[in-house]
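1. The following block contains a protein sequence and its predicted model.
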Amino acid sequence: MAVLKRGSKTVAKRSIKHTVNCGPLYLLSDCISSVYMPVGDDDLSLFLWDISQCIWNDYKLRWNPRDFGGVEFIRVPSNKIWKPDIVLYNNAVGDFQVDDKTKALLRYNGDVTWIPPAIFKSSCKIDVTYFPFDYQNCTMKFGSWTYDKAKIDLVLIGSTINLKDFWESGEWTIIDAPGYKHDIKYNCCEEIYTDITYSLYIRRLPLFYTINMIIPCLLISFLTVLVFYLPSDCGEKITLCISVLLSLTVFLLVITETIPSTSLVIPLIGEYLLFTMIFVTLSIVITVFVLNVHYRTPKTHTMPCWVRTVQDDWKYVAMVIDRIFLWVFILVCIMGTAGLFLQPLLLWDDI
């Protein structure tokens, strides 16, 4: 039992009875300073620098201020008093305990305020369908590991986490962080246990990926369209096609390590790279066909009658085919790009 002595501020460690009831425990995540989220193969590791405020009442830490010179509150080392064993259930590391080197504030009526700074490490499944315009929902579940609701009842202060001191990481930003209280009965126990779960809605900042990945892919796609505008007589159509294909291949090898590796879904940027690769391959096939038509002569090939009625010249036929596929590829490039990126951008605006 904690005891105050006259003329001193010494606090003895509390002896816990077999039955403990500290009343409601008020849990407030006061602020999040920073979030670091390295992406793994299938999950996202969440490193959260958090300052949580725990408030409870301990009837054994009460005193009358008139008996102690008007002292209404004192600060004592937190390891000298009883504290609720609030842990992060979905912890990604083996250390579940919060550092207790900070001091706790004791008031004469038994109210205890403990504000331990801590780094919580959690993980959550990621959905990279719309990468790099994706957002994730990561949950962090806090609760007592030992005491059920009859012993410790958690009370959530505020509906969301305070983000006023949050430092953006440059890659992620927190859209919202609401908190919810749950009363759950687990299969292992007959008692009901209370937990506070925070849902962190995290959105990726796409500027880096847009400049270094998406825009180069767009430029490569439009370079492919120019193949059909290039005259066949210049002799560089195939060279341009192969150069574009090699550029795309090298670019794909460079960004492979950046794209999250998963077999569950194909990321948006991966779909666009596949679309561009097919786009360039088709342009090579069509260019070979156009060049074959361009260099035909009446001695090597017989022109069909329906073609001869229009123009008795293979070069003119090749030019017409070039112009037709020029507009076809322009439409396919615009519609394919818009179809892939329009949906995530609309979802981005709705968040």
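-> Ah, there it is.
2. isn't Tyr89 right next to Thr139, touching?
-> No: using Cβ atoms under 8 Å, Tyr89 is not in contact with Thr139, being 9.6 Å away. Glycine gets a C-beta too; all of them are placed from N, C-alpha and C.
3. Look at the residue nearest the centre of the chain and tell me its secondary structure.
-> The residue lying closest to the centre of the chain (Cα atoms, centre = their mean) is Gln136, at 4.3 Å. Per DSSP: H, G, I helix; E, B strand; the rest coil, the local secondary structure of Gln136 is strand.
4. Please apply the same query to Val155.
-> Using three-state DSSP as the criterion, the local structure at Val155 reads strand.
5. Distance of it relative to Asn57?
-> 12 Å (Cβ to Cβ, to the nearest Å).
6. what touches both of the two?
-> The contact sets of Val155 and Asn57 do not overlap (Cβ atoms under 8 Å, 6 or more residues apart in numbering).
7. Now do the same for Thr249: helix, strand or coil?
-> Going by three-state DSSP: Thr249 is helix.
8. now Ile74
-> Secondary structure, three-state DSSP: Ile74 is strand.
9. how close does it sit to Ile286?
-> For Ile74, the distance to Ile286 - Cβ to Cβ - is 83 Å.
10. Could you do Ser199 as well?
-> Ser199 is 50 Å from Ile286, where distance means Cβ to Cβ.
11. Ile238 too?
-> Remark: distance between Ile238 and Ile286 (Cβ to Cβ) = 11 Å.
12. Between the two, which is the more surrounded one?
-> The residue with more neighbours, out of Ile238 and Ile286, is Ile286; 19 against 13, by other Cβ atoms under 10 Å.
13. Hmm, Phe325 and the more buried one touching each other?
-> Yes: using Cβ under 8 Å, Ile286 is in contact with Phe325, at 5.5 Å.
14. between those two, what contacts are shared?
-> Joint contacts of Ile286 and Phe325 (Cβ under 8 Å, 6+ apart) are Phe228.
15. which other residues reach the helix or strand containing Gly179?
-> Using DSSP states H and E, Gly179 falls within strand 179-185. Strand 179-185 has contacts (Cβ under 8 Å, 6+ apart) with 29, 149, 154-156, 158-161, 191-199.
16. What is the top helix by length along the chain packed up against?
-> Counting residues, the longest helix found in the chain (DSSP state H) is helix 314-350. Applying 3 or more Cβ pairs under 8 Å, 6 or more residues apart in numbering; DSSP states H and E, we find helix 314-350 packed against helix 215-226, helix 268-294.
17. now those helices in CSV, with distance to Gly170 and mean pLDDT?
-> Output for those, formatted as CSV (distance: least, Cβ to Cβ, whole Å; pLDDT from 0 to 100):
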stretch, distance to Gly170, mean pLDDT
helix 215-226, 19, 82
helix 268-294, 19, 82
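18. who's in contact with Ser159?
-> Counting by Cβ under 8 Å, 6+ apart, Ser159 has contacts Pro178, Gly179.
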